[in-house]
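Chemist: let's see this in three dimensions:
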Amino acid sequence: LLYNEAQAGYLAGIVAANISETGVIGAVGGIDSVPPVVNYISGYANGAASVNPDIEVLIEYASTDITTAFNDPATGKSIGEQMIGADADVLFQVAGLTGQGTLEAACDAGVYGIGVDVDQYISLPDLGECIVTSAEKKLKESVQAAIERVADESAKPGNVFHDAAADPPGVGVSPFHDFEEVLDPAVQEAVDEAFDALADGSIDPCEGPQPCFGS
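Modeler: Predicted coordinates:
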């Protein structure tokens, strides 16, 4: 099962640009040699720019060593603190345990955090106070659909690509949870509009100031 991380990141970027008060947002990746990591962040930057062309997106990768890139929360927290010191008020983590440190920095400073892959408001309950949403791969739904294809013998060999156009959708952003009642309803409206445009192909999440991996 393959996923369009750039689309999920794009939606997260739309959220970030809509809620940022400083016009500066950040993204922390584990390593820049892993395509899904780069594509999440590229989509995030491009989604944010679609809302505010003047937004500043701080991007940093935690390491060039794959063995530590996703397992160093202290470094993730330090990077997050540096970004907050540079006026970032929304931090997106794409760095595993390293990124958990980034979210801790966000919570400590009272700024917004955005999780990745799953709804991290649920998977990291101690950090839920600052996690406004997560850029999600809809793992539960896509795995269930795969099982059903096997059961009804409609499954075909090879990769199955899950994106906004898939049935059920393979990517998206998590609910706003505790922030649902405090965010302007226009934020959800912007996400919904962008999701539909991603699904019908009228938006390419890799078009914008930040190219996707290999482009």
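
Chemist: which elements pack onto the helix or strand containing Phe92?
Modeler: Using DSSP states H and E, Phe92 sits within strand 90-94. Applying 3 or more Cβ pairs under 8 Å, 6 or more residues apart in numbering; DSSP states H and E, we find strand 90-94 packed against helix 5-19, strand 24-29, helix 35-51, helix 73-85, helix 96-109, strand 112-117, strand 131-137. Backbone N, C-alpha and C define where each C-beta goes, glycine included.

Chemist: out of those, flag the one nearest Phe213.
Modeler: Phe213 sits nearest to helix 35-51 of all the helices and strands packed on strand 90-94, at 4.0 Å, using Cβ to Cβ.

Chemist: what helices and strands are in contact with the helix or strand following the closest one?
Modeler: Per DSSP H and E, helix 35-51 leads on to strand 56-61 as the next helix or strand towards the C-terminus. Where contact means 3+ Cβ pairs under 8 Å, 6+ apart, strand 56-61 is packed against strand 24-29, helix 35-51, helix 73-85.

Chemist: could you give the separation of the longest one from the chain centroid?
Modeler: Looking back up the chat, that one is helix 35-51. 8 Å (Cα atoms, centre = their mean, to the nearest Å).

Chemist: redo the helices and strands packed on strand 56-61 as TSV? Include mean neighbour count and mean pLDDT.
Modeler: Below are the helices and strands packed on strand 56-61 laid out as TSV (neighbours: other Cβ atoms under 10 Å; pLDDT from 0 to 100):
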stretch	mean neighbour count	mean pLDDT
strand 24-29	28	99
helix 35-51	26	99
helix 73-85	20	99
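
Chemist: would you mind giving the ones you listed as a markdown table with distance to Asp167 added?
Modeler: Shown next, in a markdown table, are the helices and strands packed on strand 56-61 (distance: least, Cβ to Cβ, whole Å):
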| stretch | distance to Asp167 |
| --- | --- |
| strand 24-29 | 30 |
| helix 35-51 | 21 |
| helix 73-85 | 35 |
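
Chemist: and the strand holding Phe92, how far out from the chain middle?
Modeler: Here strand 90-94 is found 7 Å from its chain centre; the criterion is Cα atoms, centre = their mean.

Chemist: how about the CA coordinates for that strand, as CSV?
Modeler: What follows is strand 90-94, C-alpha atoms only, in CSV (Å, rounded to 0.1, in the frame of the first residue of the first chain):
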residue,chain,number,x,y,z
VAL,A,90,3.0,26.1,14.1
LEU,A,91,5.3,23.1,14.0
PHE,A,92,4.8,20.0,11.7
GLN,A,93,6.7,16.9,12.6
VAL,A,94,7.7,14.2,10.1
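
Chemist: right, and the helices and strands packed on strand 56-61 - which one's nearest Leu103?
Modeler: Each of those has some distance to Leu103 by Cβ to Cβ; the shortest is helix 73-85, at 7.6 Å.

Chemist: partners of the most centrally placed residue in the chain in the sheet?
Modeler: For the chain, Ala135 is the residue whose C-alpha lies nearest the centre (Cα atoms, centre = their mean; 3.3 Å). Taking DSSP bridges as the rule, Ala135 bridges to Val116, Val173.

Chemist: now do the contacts for it.
Modeler: Each residue near Ala135 by Cβ atoms under 8 Å, 6 or more residues apart in numbering is listed here: 5, 8-9, 11-12, 40, 43-44, 92, 94, 114-117, 171, 173.
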